[in-house]
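Asks: Attaching a predicted model along with its sequence, questions to come.
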Protein chains: 2
Amino acid sequence: MPKQHYRPDTFHSRDSIGYLLKRSQRLLQERIEMRFAEQGCTLQQWVVLMHVRDGLAITVADLCRELRHDSGAMTRLIDQLESRDLVERRRTQSDRRVIELSLTKAGEKLLDSLIPTVCDVLNESLDGFTREEVKTLQSMLGRMLTQLENLAASSSGTPANADKE
Amino acid sequence: MPKQHYRPDTFHSRDSIGYLLKRSQRLLQERIEMRFAEQGCTLQQWVVLMHVRDGLAITVADLCRELRHDSGAMTRLIDQLESRDLVERRRTQSDRRVIELSLTKAGEKLLDSLIPTVCDVLNESLDGFTREEVKTLQSMLGRMLTQLENLAASSSGTPANADKE
DNA sequence: CTATAATGCCTGCCTAGGCAGTCATTGCCG
DNA sequence: CGGCAATGACTGCCTAGGCAGGCATTATAG
């Protein structure tokens, strides 16, 4: 049984990890996209470009799984990137259902130009943190994320006995 | 000048605090709303109810500022809550522009029934964390949030000298 | 080989949220 | 008092994302 970090009778929204996560994530994204504005690029678009370039996910399905994004939305997002000649679609020969994505020169150029911006904003946000603190923060968020992923998997993956207690 | 926690040449999406924040926040919200589903309540709606009950924000404008939510969206959200008889609108006498919100009995009842669920999910997510670790996590996120709020304020609040360096 | 399931990508429909503009009310000045 | 900016709530318009369904292609079972 988990420790009772939060209790209903003493709960206040502001202290909640959920509140902190949401607020900081939101502000971080807003700040990054403000800097991205003149390039006309969304954070999501940039993340997709990053994943394609680094080979973390080069098909629509992979990107959706990796980023937990809707496949319909991903199709439309890639439509935009393609219409701006930032990525290219190419049907795979071995499996003609899948479409492999690759960056164009312009895509790589745009991506490269935006990476420093992201690092900059992240560093701004973490100003005053020591390297150890950042490591600790990353580690803790990682642990929490793993927890949540396991919980999500056990809820939907084994629906037979997951929700009953 | 901020420390260089992230550098363009060694940057990988997965290590990014932004990635961790977004993913964990998303999963947390999904999990809470899954539990809320049978009550037909959104996390945002619940947060609004919490704020109204605790007196943290009882007008639309206050809620928007506090939650950084769009005023149009907030109007519609409150429309829903009102149509379900969870909150009541009442024009203030002293300033007839503002509308004060208050929970109905049904609203309080629903709110109370959902608080344990939120605590439960939060505790699940933090399973394995010691009390000190949770405190540290809250503290670090709080610091980061403050940083970001200051940055946002200095960008938009004093545009004259905020963006130049 | 054939029928069925599964996978991948795409398309419509719906809702939530961001943005701009409107209207009523109040505060601020002359 | 009278005009004007500011504030608060609200309304349309647009876009992004979630959801369900469709089509093509591949895997699987018989």
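Replies: That came through, no problem. Since this is a predicted model, take the numbers as computed values, not measurements.

Asks: Need the residue closest to the centroid of chain A.
Replies: If you average the C-alpha coordinates of chain A and look for the closest C-alpha using CA atoms, centre = their mean, you land on residue A:67, 5.3 Å from that point.

Asks: Any residue of the longest helix anywhere in chain A touching DNA strand D?
Replies: Of all segments of type helix in chain A, defined using DSSP state H, the longest is helix A:131-157. No - for helix A:131-157, no contact with DNA strand D is found by CB under 7 Å from any atom of the strand; the gap never falls below 11.2 Å. Glycine gets a C-beta too; all of them are placed from N, C-alpha and C.

Asks: Quickly check: that helix near chain B or not.
Replies: Yes - Helix A:131-157 comes into contact with chain B (CB under 8 Å from any CB of the partner chain), by way of A:131, A:133-134, A:136-138, A:140-145, A:147-149, A:151-152, A:155.

Asks: That helix: which residues count as buried?
Replies: Neighbour counts using 16 or more other CB atoms under 10 Å in any protein chain shown place A:133-134, A:136-138, A:140-141, A:143-145, A:147-148, A:151 of helix A:131-157 among the buried residues.

Asks: just stretch A:25-41 next, same as before
Replies: The neighbour-count check on stretch A:25-41 (16+ other CB under 10 Å) flags A:25-29, A:31-32, A:34-36, A:41 as buried.

Asks: And for stretch A:67-87?
Replies: Of all the residues in stretch A:67-87, those buried under the rule 16+ other CB under 10 Å are A:67, A:69, A:74, A:77-78, A:81, A:86-87.

Asks: any idea which helix or strand of chain A has the worst average confidence?
Replies: Of all the helices and strands that make up chain A, helix A:159-162 has the lowest average by mean pLDDT, DSSP states H and E, namely a mean of 39.

Asks: all helices for chain A, in order.
Replies: When assigned using DSSP H, the helices of chain A occupy the ranges A:17-36, A:43-53, A:60-67, A:71-83, A:105-125, A:131-157, A:159-162.

Asks: which one of those helices has the lowest average pLDDT?
Replies: For these, the bottom mean pLDDT is recorded on helix A:159-162, which sits at a mean of 39.

Asks: How about the residues of chain A by DNA strand C?
Replies: Applying CB under 7 Å from any atom of the strand, we find that chain A lies next to DNA strand C at A:59-62, A:71-72, A:75-76, A:78-79, A:89, A:95, A:97-99.
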